[in-house]
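**Student:** here are the coordinates; sequence isn't available:
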């Protein structure tokens, strides 16, 4: 069983729809939770970062962490064609080496 | 502009050949990482280095080698011992001051073995 599970999709939604992405994990030591966005043939870039449980909102993006269920989510409101990308969840424990465990990534297409 | 530069972007190699992928950063970051990305598998850690002249194996180090002679440079050699080297390789770095998880990535190098 993988340490971080993420449905690879693909996910196709019409412009303006809400995109819902999620990951589950097995390591209860994870404290830092991140979402990276990766455009085709590019490197990932950090989109959202959350420490421990709770919600975080940044514009059209909302990240949620439920440590009791070992489940994290990313919601994209009013989705735009420019949101078409692969979204990777990542997480880490409190360590000195800053190693992240990544999900497989979900490919999202927003249709105009 | 600060960032991470990977080269080459595309590389073709014959079986049995070693190839070296370059990674240079001008962010003054201490820690650098190499990841491999395959379809449907996410990013897997190959090697990482937290300081010059020191590096550690990641989850899939077999068939790869690295060096860290300078703070700004962390080249990856894909050796002929790597059984399935065709993949997208990503170099990343972080400042190391506080574990925020913000890795800065290069644009990647796509290696194809013919």
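**Tutor:** Great, that's in hand. Note that this is a predicted model, so its numbers are computed, not measured.
**Student:** ok, residues contacting the helix or strand hosting residue B:33?
**Tutor:** For residue B:33, the host element (DSSP states H and E) is strand B:31-38. With contacts defined as CB atoms under 8 Å, 6 or more residues apart in numbering or on different chains, strand B:31-38 is touched by A:97-99, A:102, B:23, B:25, B:43-51, B:58, B:60, B:64, B:66, B:68, B:74, B:76, B:87-96, B:103, B:108. (Each C-beta comes from the backbone N, C-alpha and C, glycine too.)
**Student:** check stretch B:44-64 too.
**Tutor:** Residues from elsewhere that reach stretch B:44-64, judged by CB under 8 Å, 6+ apart: A:96-100, A:102, B:30-38, B:66-71, B:74, B:76-79, B:81-83, B:85, B:89, B:96.
**Student:** any quick PyMOL command for the buried ones out of those?
**Tutor:** Here is the PyMOL command that selects the buried residues among the contacts of stretch B:44-64 (16 or more other CB atoms under 10 Å in any protein chain shown):
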select buried, (chain A and resi 97+98+99+100+102) or (chain B and resi 30+31+32+33+34+35+36+37+66+68+74+76+78+82+85+89)
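**Student:** pretty sure residue A:10 sits against residue A:108.
**Tutor:** Yes - Residue A:10 lies in contact with residue A:108 (CB atoms under 8 Å); the separation is 7.3 Å.
**Student:** which of those two has more neighbours?
**Tutor:** In this view residue A:10 and residue A:108 are compared by other CB atoms under 10 Å in any protein chain shown, and residue A:108 has more residues nearby, 20 against 10.
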